[in-house]
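>>> Got a predicted structure plus its sequence, pasted below:
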Amino acid sequence: MLREIRPAILVLVLLTAITGLAYPLAMTAIAGVIFPKQAQGSLIEKDGTVIGSALIGQEFKEDKYFHGRPSATVAPDPNDSSKTVPAPYNAANSGGSNLGPTSKALNDRVKEDVEKLRAENPSAGVPVDLVTTSASGLDPDITPDAALFQVPRVAKARSMSEDSVRELVTQNTQGRFAGVIGEPRVNVLALNLALDAAKAK
Amino acid sequence: MTVIGWIQIILFCAIVIALVKPLGWYMTRVFDGERTFLSPVLRPLERGIYWVGGVDERREQHWLTYTVAMLLFHVGGFALIYGLMRLQAVLPFNPAGQTAAAEDLSFNTAISFITNTNWQNYGGESTLSYLVQMLGLTHQNFLSAATGIALAMALIRGFTRSSMRTVGNFWVDVTRCTLYVLLPICIVYALFLVWQGMPQTLGAYVDATTLEGGKQTIALGPVASQVAIKMLGTNGGGFFNANAAHPFENPTALSNLVQMISIFALGAAMTNVFGRMVGNERQGWAIFAVMGLLFVAGVTVTYWAEANGTSLLQAYGLTGGNMEGKEVRFGIVASSLFAVITTAASCGAVNAMHDSFTALGGMIPLINMQLGEVIIGGVGAGFYGMLLFVVLAIFVAGLMVGRTPEYVGKKIEAREVKMAMLAILVLPLMYLGWTAVGVVLPSAVASMANAGPHGFTEVLYAYTSGTGNNGSAFAGLTGNTLFYNLTLAMAMFVGRFFMIVPAMAIAGSLVEKKSIPASAGTFPTTGGLFVGLVIGVILIIGGLTFFPVLALGPIVEHLAMNANTLF
């Protein structure tokens, strides 16, 4: 049995060096050359400053922008580090609400959000993704229904016609991969950038 | 439930089935020590490792030596992770300035990774440096997976060899599995993931100024290299807190499909390796059929439950299923499918928050783990777990006809059955016992995020997941406390090693027996009767063990939900 101690140390050290250092570092080098943009986090720059990542949702509250889904991410409380405070779309601490189907807290939150959205657009049914938090709290997408639901508000805030806003939503809707895999979706940040660009014209 | 949803499920199953034979063929060659197309590159590296490590690759080991070598290997792995986490503040590759992780969290995480559980009491982007992610977690993702496969190979050799004393060489099995199977696939796979949008950088977190002028700190890191092995090795420990739900850890529907396939690929192929080694591939397909039928049943229930949504959402006229804790790019079907795959396979990665699933939708992942992680299961571990149930099923069949049972040429006798029962009974002892403690101890109760039966299920899920070496969670439970860090570590340790040692004892006992040719009285183990019998044994043992506890958790919650009771 004692003869197994040498390999237990040396085989471990060698395999660790290969899988824990050589492999990730080589992947970093190769990926940086072949896919430099993705490897750095698909960052979007505007006038020299980073405005976000194409893959990470960000918080939108103004009427003139499309809003993403509610986010349950938190951050440490600045006054008491043992507690946390809500910090929507905190991309340095991902997470969901973890509220279960019989949760009163979840029930109250959904109820409040539904009432707010019904007041904003009484003509359409409220899409479920607009009143439920995502798993990561960083969901970059909403469903096409959720985007169309917000068209009247955005058009009014921007004094644009609803048709032209709806046209932008359609342009920014991505279908299923190969027509089968995944769900149709609208990237909120891309849509809002397109809106700003349309105004600039 | 929609037609396009079912097409996605069928597509997934078809791809996995198509991979079983080619992967099984390749892995069999690797473990038989034959040349593969990668040998010209990898063989010198492999020999170098043996030379430095003082390993004679032709010298095989008795089952006890094999087991001791495996345990020693894990002592080193434990020390490495624990040390790195405690010292990360003063080590390189720490651009986010993470401070030393606490003793109990480091202990829990180290146990979690050497047992292939990868339970996340750590927060990923908020707790760990890049060095710990690479040198601590990525390396153990490889080695705990390689260990599982090595142990399964040793047990298979117990069936295939006649009147011998040795079951293989642990160092050779682990090295070959890492170099020839895991590493080459991961290199290609990691690049695919980067192409899909997964970061792979050592650069610091980026501060962005959002369109509305807010500040957003975006966590980055060498994600793709870790996620590739996290999935392929059914490890499941996330780079980020939100695991495979994080857009950087699972950017697209396509990356999601490939991740799901990679969770099942090696575990499914092990059935074919077994079939090839015992000289009849149909023996492997029979076991695959047992796994496949249980899996499809689970997917159907979870998909149905999540697509129906909750009575709460329906009350507000919301349609489209239960989207709380799910991502839009995956939707209901890919989230439900992922949840069943990850718990069937002992992976534990999540692309949706299981805590927010409906009562019945979340019960299936729980059942998958409580059945002993044998539906595909963890790489290697699922297969030797399944063989324990096969031993019992064969024993039951033998009792019915009054004949000493035999399986692929080996007589199954008292010693094998005792060891199989020991391994199977120790699991409920852990998850039922600790749940009982967790729901009465006030400091443990304080960790629950939800009240009522759902809070109970959170605790039950945690210990079930730990014992089953799964690692997924009803993540509302605050696990990073002294009580949970220590008791979960114990559940993970017992769940892994108290299953391995009896399984290896069976290997050692079988390998010494003579192979006997099948006769007219041999119970055929390639047909529907055998498949039905094994499923029956799994469901009866599982059902008797945990039905009462499910009644207290998800079942009562389902009834409460339909009665519009809130907690």
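Yep, that arrived. Numbers count the residues shown, from 1 in each chain, chains lettered A, B, ... in the order given.

>>> Can you name every helix or strand that the worst-scoring helix or strand of chain A on mean pLDDT contacts?
Taking mean pLDDT, DSSP states H and E as the measure, chain A has strand A:80-86 as its least confident helix or strand, at a mean of 87. Judged by 3 or more CB pairs under 8 Å, 6 or more residues apart in numbering or on different chains; DSSP states H and E, strand A:80-86 is in contact with strand A:74-77. Where you see a C-beta, it was placed from the backbone N, CA and C, and this is true even at glycine.

>>> Check the offset of the strand it packs on from the chain's centre.
Average the C-alpha atoms of strand A:74-77, do the same for its chain, and the two points are 19 Å apart (CA atoms, centre = their mean, to the nearest Å).

>>> just stretch A:16-28 next, same as before
Mean-position distance between stretch A:16-28 and its chain equals 29 Å (CA atoms, centre = their mean).

>>> Ends of that stretch, what's the gap?
End-to-end span of stretch A:16-28 (CA to CA, to the nearest Å): 17 Å.

>>> which residue does chain A bring closest to chain B?
Among the residues of chain A, A:G182 lies closest to chain B, at 2.3 Å counting by CB to the nearest CB.

>>> who's in contact with that residue?
Each residue near A:G182 by CB atoms under 8 Å, 6 or more residues apart in numbering or on different chains is listed here: A:R176, B:T252, B:A253, B:L254, B:N256, B:R329, B:F330, B:G331, B:A334.

>>> Look at the residue of the stretch 401-550 of chain B found nearest chain A and report its pLDDT.
Ranked by CB to the nearest CB, the top residue of the stretch 401-550 of chain B for proximity to chain A is B:G476, at 3.2 Å. If you check B:G476, the pLDDT there is 91.

>>> hang on, it packs against A:G95?
No - using CB atoms under 8 Å, B:G476 and A:G95 do not qualify as a contacting pair, with a distance of 9.8 Å.

>>> between these two, which one's more packed in?
A:G95 (30 against 26; other CB atoms under 10 Å in any protein chain shown).

>>> Give me the nearest residue to B:W195, chain neighbours excluded.
With CB to CB, 6 or more residues apart in numbering or on different chains as the measure, A:F35 is the residue that lies nearest to B:W195, at 5.5 Å, once sequence neighbours are left out.

>>> for B:G508, same thing?
Spatial nearest neighbour of B:G508, chain neighbours left out: B:W63 (3.0 Å); criterion: CB to CB, 6+ apart.

>>> Give me the buried positions along the helix or strand that B:V501 is a member of.
With secondary structure defined by DSSP states H and E, B:V501 is part of helix B:482-511. If you call a residue buried by 16 or more other CB atoms under 10 Å in any protein chain shown, then helix B:482-511 has these buried ones: B:483-485, B:487-511.

>>> what's around A:P70, how many residues?
20.

>>> I should have written A:N79 there, sorry.
Other residues near A:N79 come to 7 when the count uses other CB under 10 Å.

>>> Spell out whether the following helix or strand past the helix holding B:V501 and chain A are in contact.
Beyond helix B:482-511 on the C-terminal side, the first helix or strand identified by DSSP H and E is helix B:528-550. No - Helix B:528-550 stays out of contact with chain A when judged by CB under 8 Å from any CB of the partner chain, the minimum separation being 15.3 Å.

>>> do the same with stretch B:232-243
Yes - judged by CB under 8 Å from any CB, stretch B:232-243 and chain A are in contact via B:F240, B:N241, B:A242.

>>> Name the residues of the lengthiest helix in chain A that come out as buried.
Among all segments of chain A classified by DSSP state H, the helix with the greatest residue count is helix A:104-120. Buried residues in helix A:104-120, counted by 16+ other CB under 10 Å: A:L106, A:N107, A:R109, A:V110, A:D113, A:V114, A:L117.

>>> And for the closest residue to chain A within the stretch 151-300 of chain B, nearest residue in space, chain neighbours not counted?
The shortest separation between the stretch 151-300 of chain B and chain A is 2.3 Å, found at B:A253 (distances taken as CB to the nearest CB). Taking CB to CB, 6+ apart as the measure, B:A253 lies nearest to A:G182, with 2.3 Å between them; neighbours along the chain are not counted.

>>> same thing with B:L257?
The nearest residue in space to B:L257 (CB to CB, 6+ apart) is A:I181, at 5.5 Å.

>>> right, and the one you found touches B:S255 too?
No - judged on CB under 8 Å, A:I181 makes no contact with B:S255 at a distance of 10.3 Å.

>>> ok, those two, which is more surrounded?
In this comparison of A:I181 against B:S255, neighbours counted by other CB under 10 Å, the higher total goes to B:S255 at 23 against 20.

>>> Report the secondary structure state of the residue of the stretch 401-550 of chain B closest to chain A.
Using DSSP: H, G, I helix; E, B strand; the rest coil as the criterion, the local structure at B:G476 reads coil.

>>> show me what contacts B:G377?
Applying CB under 8 Å, 6+ apart, the residues contacting B:G377 are B:T234, B:G267, B:M291, B:A344, B:A345, B:S346, B:F383, B:G385, B:M386.

>>> and it, how far is that from B:N116?
11 Å (CB to CB, to the nearest Å).
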